[in-house]
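Student: predicted coordinates and the sequence they were generated for:
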Amino acid sequence: MEEQAKAEDAGALGLYVHVPFCASTCDFCAFYQVKPTADTIRGFIQCARAESALVGWERPLSTVFWGGGTPGLLSPRDLGRLAEVVHAIPGGASPAEWTVELAPASVTDARLGVLKAAGVTRISLGVQSFRPALLEALGRAHTRDQAYRAYERVRSAGFASVNLDLMFALPGQSESEWEDDIDEAVSLAPDHISTYCLTFEEDTALWVKLSQGRVRLDPENEARMYERTWERLGAAGYAQYEVSNFAREGHACAHNLNTWMMCEWVGLGPSAASQHRGRRGSNVADLGLWAERVGRGLRATEDVCELTQALLAEDALVFGLRMNAGVDLVPVKARCPDAQWARVEALVGRLVEEGMARQDGSRVRLLPKGRLLADSVGSEIMVAFDRPVGAAASPALR
């Protein structure tokens with residue numbers, strides 16, 4: 001795939017901006033967020049500009065991604081001001097790909113006009129479901145009709161690529177309801193579809209419901225929904241290139257590929273993660289503390305670790321095997337010749353023997369059976385590299 005070949009270029013540099021504002025918190029969301037005010041938004045943009053000035057931009061940006069939170073809560077004027085922060089970075093005026101996440105309820109022609117004029121190329125709409133009862137169960141603040149209107153506006157604005165985010169294995173969701181959601185999304189003909197299995201993160205409303213027995217996990221049902229997703233989207237012309245992501249030709253998300261291939265990216269904003277200049281870490285998840293540190297001329301990064309070749313090689317396998325193209329072991333071994341390769345190769349052999357993976361020369365790919373258990377495979381790789389299970393991998397993958 002052309003996008004993946006580009007991401008394998010070690011010179012790729014991404015920018016992630018975490019816009020931490022949400023009007024309300026969805027039941028499943030564990031990302032850092034605060035309710036916006038005019039003052040906090042103005043201060044956030046000022047501090048993002050100041051933080052950017054603290055970064056050593058040694059080469060132009062390849063990709064830009066604004067996530068949240070809900071970037072679309074910013075007014076058109078404030079969106080333009082935040083875009084000016086990006087434009088001031090080398091390559092920021094015309095990156096190869098610039099994605100902005102938008103909630104359907106926040107999409108207006110004025111906002112889209114500012115984003116298009118700024119150089120945004122890709123819009124990702126957080127639809128999650130077209131079923132009113134399921135949207136309510138998730139705590140989503142939009143309706144089915146708003147999702148349709150938002151999509152029509154984005155298409156009319158002429159962005160090069162449009163993604164729809166969907167979720168499955170929701171409380172009370174039947175297989176037929178999930179298939180209906182897939183079919184409804186396909187009928188809109190987006191360029192890219194992301195399908196995420198609902199996860200129960202600590203400190204969320206859904207976690208509380210799970211702990212109280214009000215909802216329950218059903219791994220067998222999740223597996224069936226995964227398989228139906230892959231079958232249905234494949235038949236509709238969407239090529240799966242990662243466990244949860246499907247695209248028409250030429251529309252895979254370059255920013256995410258850059259991240260999964262363990263290239264470099266810089267994170268701006270509270271809780272934003274970076275992997276840059278030989279180090280990895282996340283900004284403090286507190287708007288006020290982040291602003292205070294940046295105001296003193298400091299990057300607000302904590303939990304910093306040095307990017308050893310062993311760590312990069314391990315994560316290249318953990319996340320690379322989530323992609324359908326798999327991983328070529330030769331360059332990974334070159335990155336880390338002293339790793340526990342006998343254990344890694346034994347694990348690969350077992351995966352092949354169990355019908356979970358296929359090995360062609362030095363390239364290893366997970367088969368459908370293995371992709372269903374990609375998280376478990378990742379944990380086993382971490383053990384093979386002597387990292388404790390449960391230890392954090394790359395902090396920017398989302």
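Tutor: Okay, I see it.
Student: any chance you could map the strands in the stretch 151-300 of the chain?
Tutor: Ranges of strands within the stretch 151-300 of the chain are 161-168, 192-197, 239-242, 245-247, 264-268, 273-276, 279-283, based on DSSP state E, counting those that start in this stretch.
Student: which one of those lies nearest to residue 359?
Tutor: strand 239-242 (19.4 Å; CB to CB). In this view, the C-beta of every residue, glycine as well, is placed from N, C-alpha and C.
Student: quick one, which of the strands of the stretch 151-300 of the chain is nearest to residue 381?
Tutor: Smallest distance to residue 381 across these (CB to CB): 16.3 Å, for strand 239-242.
Student: for the closest one, packing partners?
Tutor: Judged by 3 or more CB pairs under 8 Å, 6 or more residues apart in numbering; DSSP states H and E, strand 239-242 is in contact with helix 219-235, strand 245-247.
Student: buried residues in stretch 105-117?
Tutor: Of all the residues in stretch 105-117, those buried under the rule 16 or more other CB atoms under 10 Å are 105-107, 111-112, 114-116.
Student: and stretch 178-197, by the same measure?
Tutor: Of the residues in stretch 178-197, 178-179, 181-182, 184-186, 188, 190-197 count as buried by neighbour count, 16+ other CB under 10 Å.
Student: minimum pLDDT in these, which residue is that?
Tutor: Here the lowest pLDDT out of those sits on residue 197, with 87.
Student: residues in a beta bridge with that residue, which ones?
Tutor: residue 168 (DSSP bridges).
Student: what sits against it?
Tutor: 167-169, 222, 225-226, 244 (CB atoms under 8 Å, 6 or more residues apart in numbering).
Student: can you select the buried ones from those residues in ChimeraX?
Tutor: Selection of buried members from the contacts of residue 197 for ChimeraX, criterion 16+ other CB under 10 Å:
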select :167,168,169,225,226,244
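Student: ok, so of the contacts of residue 197, who is nearest residue 55?
Tutor: Using CB to CB, the shortest approach to residue 55 within the contacts of residue 197 belongs to residue 244, at 29.7 Å.
Student: circling back to that earlier point, okay, the helices and strands packed on strand 239-242 in JSON lines with mean pLDDT and distance to residue 138 next?
Tutor: As requested, these are exported to JSON lines (pLDDT from 0 to 100; distance: least, CB to CB, whole Å):
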{"stretch": "helix 219-235", "mean pLDDT": "91", "distance to residue 138": "16"}
{"stretch": "strand 245-247", "mean pLDDT": "98", "distance to residue 138": "20"}
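Student: need the ones you listed in CSV (columns: distance to residue 81).
Tutor: Shown next, in CSV, are these (distance: least, CB to CB, whole Å):
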stretch, distance to residue 81
helix 219-235, 38
strand 245-247, 31
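Student: can you tell me which of those is most buried?
Tutor: Highest mean neighbour count among these (mean count of other CB atoms under 10 Å): strand 245-247, with a mean of 25.
Student: work out the gap between it and the centre of the chain.
Tutor: When C-alpha coordinates are averaged (CA atoms, centre = their mean, to the nearest Å), strand 245-247 and its chain have centres 12 Å apart.
Student: residues in contact with that strand: which ones?
Tutor: With contact meaning CB under 8 Å, 6+ apart, strand 245-247 is reached by 191-195, 233-234, 238-241, 252-253, 256.
Student: gap between residue 329 and residue 22?
Tutor: Separation of residue 329 from residue 22 (CB to CB, to the nearest Å): 42 Å.
Student: much appreciated, bye for now.
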